[in-house]
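J.: fold the following and give me the result.
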Amino acid sequence: MQPIPQLSFQEVKTRRVFEEICEQIRKRLASGVLKPGDKLPAERDLAVEFKVSRPAVREALRTLEISGVVSLQKGVKGGAFIRDGNPALLTQSLQDLMILGRVSLAGLAEARRLINGMVIELACERATEEDFAAIEQNMLEIEKSEDLPQRADEGVRFFGLIARATRNEVLAMLVDSLSDIIRYVIDRTGRKARPELVPVRRRILKAMRARDAKAAAKGMDEYLTIVQEGMDAVPAEVPAPLKKTR
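T.: Here you go, the predicted structure:
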């Protein structure tokens, strides 16, 4: 591991010192001084440089760990390491907001429809033959499987493959997160086979290969309408947090 340059942290003078510590570390990340895999100085060294107590540094590091910015590892070679980023945190954050009542299932479903509508149009423009082949193989996996959970996994992947064909990593993360949450809700209400989706998926891929964004978007809207059926009957109790990670 190469040594990182002098970080030049500043003395903390605010009352909520741990927040200021977090902010300074995030700024070093944004500027490129800190990168994924870098190890932060030891807790006692950070306390000296920030001119704060070690408990304040400890609280800051725990906050950054919860946010997914650092990984705290124990042992002789342990310490605080900058993480590479985990898109699953976005999924968990959205579901936490749903648990807290800040966003509704209807809101998530509408956002999914709008985002996937934009995604399919962009994918029609940017997708390669390799993307089309991957989507077609995914559809074959769905159609040949009789295992509902496996079909559900491949169904989520269907949306992910289309999103990745946009070559936009932000859209891909949003699609993955929304698909994971909707899949969880559907599982809770009782999943059932949807053979009517087979020809819809085929039409979507055919339109994509023809670069017909309008037809592909129409197919995607039809697909999501079918998936949405029955979700209005979701039980009122709050769903449990997702356990899936990426």
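J.: low-confidence ranges, the protein, go.
T.: Applying pLDDT under 70 to the chain flags the ranges 1-8, 10-15, 190-191, 230-246.
J.: contacting residues for Leu161?
T.: If you count contacts by Cβ atoms under 8 Å, 6 or more residues apart in numbering, Leu161 has them with Asp131, Ala134, Ile135, Asn138. In short, each C-beta sits where N, CA and C put it, glycine included.
J.: what is the distance between the helix or strand it falls within and the centre of its chain?
T.: According to DSSP states H and E, Leu161 maps onto helix 148-164. In this view, helix 148-164 has its centroid 14 Å away from the chain centroid, taken as Cα atoms, centre = their mean, to the nearest Å.
J.: next, the buried residues of it.
T.: Residues 151-152, 154-164 are the ones in helix 148-164 that count as buried (16 or more other Cβ atoms under 10 Å).
J.: between the residues you listed, which is nearest Ala213?
T.: Nearest to Ala213 among those, counting by Cβ to Cβ, is Ile162 at 12.2 Å.
J.: with adjacent residues omitted, what lies nearest to the closest one?
T.: Of all residues not flanking Ile162 in the chain, Ala123 sits nearest, at 5.1 Å (Cβ to Cβ, 6 or more residues apart in numbering).
J.: returning to that earlier point: how about the contacts of Leu161, which pair is most distant?
T.: Asp131 and Asn138, at 10.6 Å, using Cβ to Cβ across the contacts of Leu161.
J.: please name the residues that touch the nearest residue to Val17 once chain neighbours are set aside.
T.: With sequence-adjacent residues excluded and distances taken as Cβ to Cβ, 6+ apart, Val17 is closest to Ala56, at 4.5 Å. Contact partners of Ala56, counting by Cβ under 8 Å, 6+ apart, are Val12, Val17, Phe18, Ile21, Ala47, Phe50.
J.: for those, work out which two are farthest apart.
T.: With Cβ to Cβ as the measure, no two of the contacts of Ala56 lie farther apart than Phe18 and Ala47, at 11.6 Å.
J.: now do the shared contacts for the two.
T.: By Cβ under 8 Å, 6+ apart, Phe18 and Ala47 have these common neighbours: Ala56, Val57.
J.: out of the two, which sits in the busier spot?
T.: With neighbours defined as other Cβ atoms under 10 Å, Phe18 and Ala47 compare such that Phe18 has more, 22 against 18.
J.: how much space between the more buried one and Phe9?
T.: Applying Cβ to Cβ, to the nearest Å, the value for Phe18 to Phe9 is 13 Å.
J.: before we move on, the earlier item: need the buried residues of helix 148-164 in TSV with distance to Ala172, can you?
T.: As requested, the buried residues of helix 148-164 are exported to TSV (distance: Cβ to Cβ, whole Å):
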residue	distance to Ala172
Arg151	21
Ala152	19
Glu154	17
Gly155	16
Val156	12
Arg157	12
Phe158	13
Phe159	10
Gly160	7
Leu161	10
Ile162	9
Ala163	4
Arg164	5
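J.: so which of those residues comes closest to Val119?
T.: The shortest gap between Val119 and any of the buried residues of helix 148-164 belongs to Ala163, at 5.2 Å (Cβ to Cβ).
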